[in-house]
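Visitor: quick one: sequence and predicted model below, then my questions.
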Amino acid sequence: METLVTKNWGDYALIDSGNRLRLERFGRFLVVRPDTSALWKPMQPHHEGWQQPHAYFVGEKGHVWDFQKGIPEAGWEISWNSIRFLVKPTPFRHMGVFPEQAVHWEWLDETVRTFVKEQGRAPKVLNLFGYTGIASLVAAKAGAAVTHVDASKSTVNWAHENAKRNKLEVRWIVDDALKFMHREVRRGTKYDVILMDPPVFGRGPKGEIWRIEAFLAELAQTAGELLETEKGKLLLNFYATDVYPEAVARTVKQSLGNKISLDLTSLCLQEEKGNLLQTGYSLRSH
Ligand SMILES: C[S@@+](CC[C@H](N)C(=O)[O-])C[C@H]1O[C@@H](n2cnc3c(N)ncnc32)[C@H](O)[C@@H]1O
(Lines give C-alpha, C1' and ligand atoms only; values in the text may rest on other atoms or scores of the structure.)
Protein backbone atom coordinates (compact mmCIF):
# COMPACT_ATOMS: atom_id res chain seq x y z
CA MET A 1 0.00 0.00 0.00
CA GLU A 2 1.34 3.40 -0.97
CA THR A 3 1.71 6.09 1.73
CA LEU A 4 0.59 9.69 1.39
CA VAL A 5 2.67 11.95 3.63
CA THR A 6 1.84 15.42 4.89
CA LYS A 7 5.04 17.30 5.64
CA ASN A 8 5.21 20.13 8.16
CA TRP A 9 4.39 23.55 6.79
CA GLY A 10 4.98 27.13 7.99
CA ASP A 11 2.17 27.26 10.57
CA TYR A 12 2.06 23.60 11.55
CA ALA A 13 4.59 21.03 12.66
CA LEU A 14 4.43 17.53 14.10
CA ILE A 15 7.55 17.83 16.20
CA ASP A 16 7.62 14.43 17.88
CA SER A 17 5.46 11.56 19.14
CA GLY A 18 5.69 8.72 21.65
CA ASN A 19 4.25 7.34 24.92
CA ARG A 20 0.87 7.50 23.15
CA LEU A 21 1.14 11.27 22.77
CA ARG A 22 1.98 13.68 19.97
CA LEU A 23 3.79 17.05 20.28
CA GLU A 24 2.70 19.60 17.69
CA ARG A 25 3.19 23.30 16.94
CA PHE A 26 0.15 25.26 15.77
CA GLY A 27 1.41 28.69 14.77
CA ARG A 28 3.70 29.57 17.70
CA PHE A 29 1.95 27.42 20.33
CA LEU A 30 3.14 23.96 21.40
CA VAL A 31 0.39 21.41 22.08
CA VAL A 32 0.56 17.88 23.56
CA ARG A 33 -2.44 15.63 22.97
CA PRO A 34 -3.11 11.86 22.86
CA ASP A 35 -2.30 9.60 19.92
CA THR A 36 -3.14 6.01 20.83
CA SER A 37 -0.94 4.50 18.12
CA ALA A 38 2.28 6.27 19.19
CA LEU A 39 3.48 3.31 21.30
CA TRP A 40 7.19 4.06 20.84
CA LYS A 41 9.50 6.35 22.84
CA PRO A 42 9.80 10.02 21.76
CA MET A 43 12.73 10.89 19.47
CA GLN A 44 13.26 14.24 21.26
CA PRO A 45 12.45 13.46 24.92
CA HIS A 46 14.14 16.67 26.14
CA HIS A 47 12.29 18.98 23.72
CA GLU A 48 10.87 21.99 25.67
CA GLY A 49 7.48 21.15 24.20
CA TRP A 50 7.30 17.90 26.17
CA GLN A 51 8.44 19.69 29.33
CA GLN A 52 6.37 22.87 29.09
CA PRO A 53 3.75 22.80 26.33
CA HIS A 54 1.39 25.78 26.01
CA ALA A 55 -1.52 23.31 26.10
CA TYR A 56 -1.64 19.76 27.41
CA PHE A 57 -4.71 17.53 26.95
CA VAL A 58 -5.59 15.96 30.33
CA GLY A 59 -8.99 14.66 29.29
CA GLU A 60 -10.56 14.48 32.76
CA LYS A 61 -14.12 15.64 33.45
CA GLY A 62 -13.94 19.31 34.48
CA HIS A 63 -10.22 19.34 33.74
CA VAL A 64 -9.83 18.79 30.03
CA TRP A 65 -6.78 20.89 29.14
CA ASP A 66 -3.86 22.34 31.11
CA PHE A 67 -3.00 25.77 29.69
CA GLN A 68 0.11 27.82 30.16
CA LYS A 69 -0.45 31.54 30.76
CA GLY A 70 -0.72 33.53 27.51
CA ILE A 71 -2.26 30.90 25.24
CA PRO A 72 -5.48 32.29 23.65
CA GLU A 73 -7.89 29.54 24.80
CA ALA A 74 -10.58 30.97 22.48
CA GLY A 75 -8.34 30.24 19.52
CA TRP A 76 -5.73 31.70 17.24
CA GLU A 77 -5.34 32.02 13.50
CA ILE A 78 -2.99 29.93 11.40
CA SER A 79 -2.86 29.36 7.65
CA TRP A 80 -2.13 26.83 4.91
CA ASN A 81 -1.29 28.13 1.43
CA SER A 82 -2.61 31.59 2.53
CA ILE A 83 -5.95 30.11 3.56
CA ARG A 84 -6.46 31.40 7.09
CA PHE A 85 -8.44 29.53 9.76
CA LEU A 86 -8.96 29.44 13.50
CA VAL A 87 -7.56 26.65 15.66
CA LYS A 88 -8.36 26.09 19.32
CA PRO A 89 -8.20 23.24 21.87
CA THR A 90 -11.61 21.56 22.00
CA PRO A 91 -13.09 19.21 24.63
CA PHE A 92 -12.48 16.13 22.45
CA ARG A 93 -8.68 16.84 22.00
CA HIS A 94 -9.29 18.07 18.44
CA MET A 95 -7.87 21.46 17.40
CA GLY A 96 -10.20 22.52 14.56
CA VAL A 97 -7.92 21.07 11.87
CA PHE A 98 -6.82 17.58 10.82
CA PRO A 99 -3.30 18.56 9.66
CA GLU A 100 -2.75 15.25 7.84
CA GLN A 101 -5.41 16.38 5.35
CA ALA A 102 -2.95 18.87 3.81
CA VAL A 103 -1.71 16.29 1.29
CA HIS A 104 -5.34 15.97 0.15
CA TRP A 105 -5.76 19.80 0.02
CA GLU A 106 -2.87 19.89 -2.50
CA TRP A 107 -4.62 17.22 -4.64
CA LEU A 108 -7.96 19.07 -4.35
CA ASP A 109 -6.44 22.43 -5.31
CA GLU A 110 -4.84 20.90 -8.42
CA THR A 111 -7.97 18.86 -9.29
CA VAL A 112 -10.20 21.94 -9.20
CA ARG A 113 -7.77 24.19 -11.13
CA THR A 114 -7.32 21.53 -13.84
CA PHE A 115 -11.10 21.07 -14.10
CA VAL A 116 -11.68 24.83 -14.53
CA LYS A 117 -8.96 24.99 -17.22
CA GLU A 118 -10.20 21.92 -19.13
CA GLN A 119 -13.97 22.26 -18.71
CA GLY A 120 -14.18 26.07 -18.65
CA ARG A 121 -16.61 26.04 -15.72
CA ALA A 122 -16.55 25.83 -11.91
CA PRO A 123 -16.66 22.21 -10.72
CA LYS A 124 -19.38 21.35 -8.19
CA VAL A 125 -17.68 20.02 -5.05
CA LEU A 126 -19.52 18.23 -2.22
CA ASN A 127 -17.61 18.09 1.09
CA LEU A 128 -19.31 15.59 3.39
CA PHE A 129 -18.42 15.39 7.11
CA GLY A 130 -16.69 18.68 6.37
CA TYR A 131 -15.88 19.75 9.95
CA THR A 132 -14.32 23.27 10.09
CA GLY A 133 -14.23 23.46 6.31
CA ILE A 134 -10.60 23.91 5.29
CA ALA A 135 -11.05 21.56 2.34
CA SER A 136 -14.16 23.55 1.36
CA LEU A 137 -12.08 26.76 1.39
CA VAL A 138 -9.27 25.17 -0.63
CA ALA A 139 -11.79 24.14 -3.30
CA ALA A 140 -13.65 27.49 -3.26
CA LYS A 141 -10.39 29.45 -3.56
CA ALA A 142 -9.36 27.29 -6.55
CA GLY A 143 -12.62 28.17 -8.31
CA ALA A 144 -15.18 25.52 -7.29
CA ALA A 145 -18.84 25.85 -6.29
CA VAL A 146 -18.78 24.13 -2.90
CA THR A 147 -21.48 22.49 -0.78
CA HIS A 148 -20.33 21.76 2.79
CA VAL A 149 -22.27 19.25 4.93
CA ASP A 150 -21.76 18.44 8.60
CA ALA A 151 -24.11 17.25 11.34
CA SER A 152 -22.81 19.68 13.94
CA LYS A 153 -24.23 23.22 13.86
CA SER A 154 -21.39 24.66 15.97
CA THR A 155 -18.84 23.10 13.64
CA VAL A 156 -20.56 24.50 10.54
CA ASN A 157 -20.61 27.92 12.23
CA TRP A 158 -16.87 27.59 12.83
CA ALA A 159 -16.39 26.70 9.13
CA HIS A 160 -18.50 29.70 8.13
CA GLU A 161 -16.32 31.98 10.31
CA ASN A 162 -13.24 30.50 8.61
CA ALA A 163 -14.78 31.31 5.20
CA LYS A 164 -15.44 34.93 6.22
CA ARG A 165 -11.73 35.28 7.12
CA ASN A 166 -10.94 34.46 3.48
CA LYS A 167 -13.92 36.21 1.86
CA LEU A 168 -14.95 32.91 0.26
CA GLU A 169 -18.52 31.76 -0.48
CA VAL A 170 -19.68 28.20 0.37
CA ARG A 171 -23.14 26.61 0.62
CA TRP A 172 -23.51 25.45 4.25
CA ILE A 173 -25.70 22.46 5.23
CA VAL A 174 -26.26 21.17 8.76
CA ASP A 175 -27.60 17.65 8.24
CA ASP A 176 -26.94 13.95 8.45
CA ALA A 177 -24.66 13.19 5.49
CA LEU A 178 -26.60 10.19 4.17
CA LYS A 179 -29.96 11.92 4.54
CA PHE A 180 -28.64 14.88 2.58
CA MET A 181 -27.13 12.64 -0.11
CA HIS A 182 -30.39 10.71 -0.66
CA ARG A 183 -32.29 13.99 -0.94
CA GLU A 184 -29.81 15.23 -3.55
CA VAL A 185 -30.22 11.97 -5.52
CA ARG A 186 -34.01 12.45 -5.51
CA ARG A 187 -33.50 16.03 -6.75
CA GLY A 188 -31.23 14.75 -9.55
CA THR A 189 -28.34 16.91 -8.34
CA LYS A 190 -24.87 15.94 -9.59
CA TYR A 191 -21.34 16.79 -8.37
CA ASP A 192 -17.95 16.69 -10.08
CA VAL A 193 -15.90 16.06 -6.91
CA ILE A 194 -17.08 14.37 -3.68
CA LEU A 195 -15.04 14.45 -0.46
CA MET A 196 -15.96 12.18 2.48
CA ASP A 197 -14.17 12.01 5.85
CA PRO A 198 -16.56 10.17 8.12
CA PRO A 199 -15.67 9.40 11.74
CA VAL A 200 -15.71 5.76 12.84
CA PHE A 201 -18.76 6.59 14.95
CA GLY A 202 -20.86 9.76 14.92
CA ARG A 203 -24.33 11.23 15.29
CA GLY A 204 -26.54 13.20 12.95
CA PRO A 205 -28.24 16.43 14.07
CA LYS A 206 -31.30 14.46 15.23
CA GLY A 207 -29.18 11.79 16.90
CA GLU A 208 -29.01 9.55 13.82
CA ILE A 209 -26.34 6.96 14.54
CA TRP A 210 -23.38 6.91 12.11
CA ARG A 211 -21.20 3.77 12.20
CA ILE A 212 -18.83 3.35 9.27
CA GLU A 213 -19.09 -0.44 9.07
CA ALA A 214 -22.88 -0.24 8.89
CA PHE A 215 -23.20 2.52 6.30
CA LEU A 216 -20.02 2.30 4.16
CA ALA A 217 -21.60 0.51 1.17
CA GLU A 218 -24.62 2.85 1.17
CA LEU A 219 -22.32 5.90 1.43
CA ALA A 220 -20.20 4.74 -1.53
CA GLN A 221 -23.15 3.70 -3.69
CA THR A 222 -24.98 6.98 -3.08
CA ALA A 223 -21.80 8.96 -3.77
CA GLY A 224 -21.58 7.06 -7.06
CA GLU A 225 -25.14 8.14 -7.92
CA LEU A 226 -24.26 11.80 -7.20
CA LEU A 227 -21.18 11.90 -9.41
CA GLU A 228 -21.69 13.82 -12.67
CA THR A 229 -19.69 11.37 -14.77
CA GLU A 230 -17.35 8.45 -14.37
CA LYS A 231 -14.64 11.12 -14.72
CA GLY A 232 -15.85 12.51 -11.42
CA LYS A 233 -13.36 12.55 -8.54
CA LEU A 234 -13.80 10.90 -5.17
CA LEU A 235 -11.92 11.03 -1.88
CA LEU A 236 -12.89 8.82 1.06
CA ASN A 237 -10.73 9.29 4.13
CA PHE A 238 -11.21 6.72 6.89
CA TYR A 239 -9.76 5.73 10.24
CA ALA A 240 -8.58 2.44 11.70
CA THR A 241 -11.47 0.18 12.72
CA ASP A 242 -11.99 -3.58 13.13
CA VAL A 243 -12.31 -3.79 9.32
CA TYR A 244 -9.07 -4.07 7.28
CA PRO A 245 -8.44 -1.16 4.88
CA GLU A 246 -8.39 -3.53 1.92
CA ALA A 247 -11.88 -4.69 2.94
CA VAL A 248 -13.05 -1.08 3.02
CA ALA A 249 -11.54 -0.57 -0.45
CA ARG A 250 -13.20 -3.68 -1.87
CA THR A 251 -16.59 -2.69 -0.44
CA VAL A 252 -16.36 0.87 -1.80
CA LYS A 253 -15.20 -0.19 -5.28
CA GLN A 254 -17.94 -2.83 -5.51
CA SER A 255 -20.59 -0.32 -4.32
CA LEU A 256 -19.41 2.04 -7.07
CA GLY A 257 -19.88 -0.75 -9.60
CA ASN A 258 -16.09 -0.79 -10.13
CA LYS A 259 -16.64 2.20 -12.43
CA ILE A 260 -14.20 4.54 -10.70
CA SER A 261 -10.51 3.83 -10.23
CA LEU A 262 -9.38 4.58 -6.67
CA ASP A 263 -5.97 4.25 -4.98
CA LEU A 264 -5.88 2.87 -1.43
CA THR A 265 -3.17 4.60 0.60
CA SER A 266 -2.18 5.01 4.22
CA LEU A 267 -2.15 8.62 5.40
CA CYS A 268 0.73 9.90 7.52
CA LEU A 269 2.21 12.99 9.11
CA GLN A 270 6.01 13.38 9.01
CA GLU A 271 7.82 14.33 12.22
CA GLU A 272 10.70 16.81 12.42
CA LYS A 273 13.20 13.92 12.64
CA GLY A 274 11.62 12.23 9.62
CA ASN A 275 9.61 9.41 11.17
CA LEU A 276 6.04 8.87 10.01
CA LEU A 277 2.95 8.91 12.24
CA GLN A 278 0.02 7.17 10.59
CA THR A 279 -3.35 8.85 11.09
CA GLY A 280 -5.64 6.85 8.80
CA TYR A 281 -6.30 5.64 5.27
CA SER A 282 -7.59 7.10 2.04
CA LEU A 283 -9.25 5.96 -1.12
CA ARG A 284 -8.67 8.60 -3.75
CA SER A 285 -9.19 9.09 -7.46
CA HIS A 286 -6.08 9.65 -9.53
C1 LIG B 1 -13.16 13.41 11.07
S2 LIG B 1 -14.17 14.80 11.09
C3 LIG B 1 -13.97 15.42 9.49
C4 LIG B 1 -12.72 16.25 9.31
C5 LIG B 1 -12.70 17.04 8.01
N6 LIG B 1 -12.71 16.25 6.86
C7 LIG B 1 -11.49 17.94 7.97
O8 LIG B 1 -10.52 17.61 7.31
O9 LIG B 1 -11.49 19.01 8.56
C10 LIG B 1 -15.78 14.09 11.06
C11 LIG B 1 -16.93 15.08 11.03
O12 LIG B 1 -18.12 14.33 10.81
C13 LIG B 1 -19.22 14.98 11.44
N14 LIG B 1 -20.30 13.99 11.55
C15 LIG B 1 -20.41 12.96 12.43
N16 LIG B 1 -21.52 12.23 12.17
C17 LIG B 1 -22.12 12.82 11.08
C18 LIG B 1 -23.28 12.54 10.30
N19 LIG B 1 -24.08 11.51 10.59
N20 LIG B 1 -23.56 13.33 9.23
C21 LIG B 1 -22.77 14.39 8.92
N22 LIG B 1 -21.65 14.73 9.63
C23 LIG B 1 -21.34 13.95 10.68
C24 LIG B 1 -18.62 15.47 12.75
O25 LIG B 1 -19.37 16.57 13.24
C26 LIG B 1 -17.19 15.89 12.31
O27 LIG B 1 -17.16 17.27 11.99
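Guide: Yes, it's here.

Visitor: ok, residues contacting the helix or strand where residue 157 lies?
Guide: Residue 157 belongs to helix 153-165 when assigned by DSSP states H and E. Identification of contacts with helix 153-165 by CB atoms under 8 Å, 6 or more residues apart in numbering yields 77, 84-86, 96, 130-134, 136-137, 140, 148, 150, 169-170, 172-174, 205. C-betas here are computed from N, CA, C, even on glycine.

Visitor: okay, now the domains of this protein?
Guide: 9-87, 99-285 (automatic domain parsing).

Visitor: TSV for those, including mean pLDDT?
Guide: TSV is the format used below for the domains of the chain (pLDDT from 0 to 100):
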stretch	mean pLDDT
domain 9-87	95
domain 99-285	95
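
Visitor: how about the residues of the stretch 151-286 of the chain by the ligand?
Guide: 151-152, 155, 176-177, 197, 199, 202-204, 208, 210 (CB under 6 Å from any ligand atom).

Visitor: filter those down to the buried ones.
Guide: Neighbour-count burial (16 or more other CB atoms under 10 Å) applied to these gives 151-152, 155, 176-177, 197, 202, 204, 210.

Visitor: a markdown table for those, including secondary structure?
Guide: Output for those, formatted as a markdown table (DSSP: H, G, I helix; E, B strand; the rest coil):
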| residue | secondary structure |
| --- | --- |
| 151 | coil |
| 152 | coil |
| 155 | helix |
| 176 | coil |
| 177 | helix |
| 197 | coil |
| 202 | strand |
| 204 | coil |
| 210 | strand |
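
Visitor: need these in TSV (columns: distance to residue 56).
Guide: Shown next, in TSV, are those (distance: CB to CB, whole Å):
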residue	distance to residue 56
151	29
152	25
155	24
176	34
177	33
197	27
202	26
204	32
210	30
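
Visitor: sorry, back to before: need the next SSE after the helix holding residue 157, C-terminal direction.
Guide: Scanning onward from helix 153-165 (DSSP H and E), the first element met is strand 171-174.

Visitor: buried ones in that following strand?
Guide: For strand 171-174, the neighbour count (16+ other CB under 10 Å) marks 172-174 as buried.

Visitor: for stretch 270-285, same thing?
Guide: Those would be 270-271, 275-285, for stretch 270-285 by 16+ other CB under 10 Å.
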